[in-house]
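Asks: From the sequence below, what's the structure:
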Amino acid sequence: MDLLDRLLGHDAWTTKQILNICAKLIDGELDREFDIGHRTLRRTLDHLIHNMEIWSALMAQQEFERSTDQSIPGMVRRLSTAESRLSNVAHNVADSNAWNEMWYDHLDTPPQEKRFGTAIAHVITHSMHHRAQLLYMLRLCGVRDLPEGDVFSWEAGIEGSSTP
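Replies: Model (predicted):
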């Protein structure tokens, strides 16, 4: 497994761990206001997943329709699709050594060209930033035994299961 597989695998797996924890919460906890992130667990998770969805669609030059499903099962499904799309884009970039190649972000004002490698790194680090906020919100909700969220925990987790 190379570094890209590790980064992508950790990113998706750790977000899934947080979604699984959030699945045990009631709506009032998911929608509780905090002075961090996108203010609630639900909105922060939606933002994190939407970021993966939109950036991978833009890099793949595919049409994208914004999902409004903010239920935990819906966000699990959205994450599964987004992680697959991001992985496909990232592996295509890696396979063609196109890390420094440019793509056109037509959603920027004004539209701009961006490098594939920088955009992929942005998506992964963006997710980590918001997962840290989510873990903090979960602590404030009284949730215990939260995952560390680090790559070593991910590796131990996938080695203990049958599939990464």
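
Asks: residue at max distance from the center of this structure?
Replies: Distance from the C-alpha centroid of the chain peaks at residue 110, with 25.6 Å (C-alpha atoms, centre = their mean).

Asks: Next one: that residue from residue 43, what distance?
Replies: 28 Å (C-beta to C-beta, to the nearest Å). (Glycine included, C-beta is placed from N, CA and C.)

Asks: burial of residue 97, as a residue count?
Replies: When counting by other C-beta atoms under 10 Å, one arrives at 9 neighbours for residue 97.

Asks: Contacts only, for it.
Replies: By C-beta atoms under 8 Å, 6 or more residues apart in numbering, no residues touch residue 97.

Asks: distance of it from residue 91?
Replies: Distance, residue 97 to residue 91, using C-beta to C-beta: 12 Å.

Asks: just residue 15 next, same as before
Replies: Residue 15 sits at a distance of 19 Å from residue 91 (criterion: C-beta to C-beta).

Asks: These two: which is more packed in?
Replies: Applying other C-beta under 10 Å to residue 15 and residue 91 shows that residue 15 carries more neighbours, namely 25 against 14.

Asks: which element is the residue lying closest to residue 17 once chain neighbours are set aside on?
Replies: Distance criterion C-beta to C-beta, 6 or more residues apart in numbering; nearest residue to residue 17, sequence neighbours excluded, is residue 147 at 4.9 Å. Using DSSP states H and E, residue 147 falls within no helix or strand.

Asks: thought residue 147 was touching residue 18?
Replies: Yes: counting by C-beta atoms under 8 Å, residue 147 does reach residue 18; the two are 7.5 Å apart.

Asks: With neighbour numbers in mind, choose between these two.
Replies: Neighbours were counted for residue 147 and for residue 18 using other C-beta under 10 Å; residue 18 has more, 23 against 17.

Asks: dump the residue contacts of the more buried one.
Replies: Contact analysis of residue 18 by C-beta under 8 Å, 6+ apart lists 45, 131, 134-135, 138, 147.
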